[in-house]
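**Student:** need coordinates for the following:
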Amino acid sequence: MILDPEDRDDLWMYMYFAAGIVSFVIIVIILSVVSMRGCKGESRDTPDLRCQPSHDALTTTTIYKSVK
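**Tutor:** As a prediction, the model looks like this:
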């Protein structure tokens with residue numbers, strides 16, 4: 001299989017393109033697995049606050065301030 005120099009350039013272009021797609025797919029798979037495992041694990045006595053939404057905007061002192 002002897003290729004012309006022009007055909008070799010086209011072949012390398014497709015090889016780099018395929019390598020880029022494979023790299024992108026691997027990165028997406030790794031990020032998906034890491035994000036799915038993020039908050040899973042054994043239960044603890046104290047809750048893990050990193051896995052819960054922040055409620056800083058609605059403080060209970062502001063909501064119930066007028067109730068006496």
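**Student:** only C-alpha atoms for contact and neighbour calcs from this point on.
**Tutor:** OK.
**Student:** number of residues surrounding residue 29?
**Tutor:** 12 (other C-alpha atoms under 10 Å).
**Student:** tell me which element it is part of?
**Tutor:** Using DSSP states H and E, residue 29 sits in helix 5-36.
**Student:** pLDDT of that helix, averaged?
**Tutor:** For helix 5-36, the mean per-residue pLDDT is 91.
**Student:** residue 38 in helix, strand or coil?
**Tutor:** coil (DSSP: H, G, I helix; E, B strand; the rest coil).
**Student:** and residue 4, how far is that from residue 16?
**Tutor:** 19 Å (C-alpha to C-alpha, to the nearest Å).
**Student:** same check, this time on residue 25
**Tutor:** Distance, residue 25 to residue 16, by C-alpha to C-alpha: 14 Å.
**Student:** and if you look at residue 28?
**Tutor:** For residue 28 relative to residue 16 (C-alpha to C-alpha), the value is 18 Å.
**Student:** give the contact list for residue 12.
**Tutor:** By C-alpha atoms under 8 Å, 6 or more residues apart in numbering, residue 12 lies in contact with nothing.
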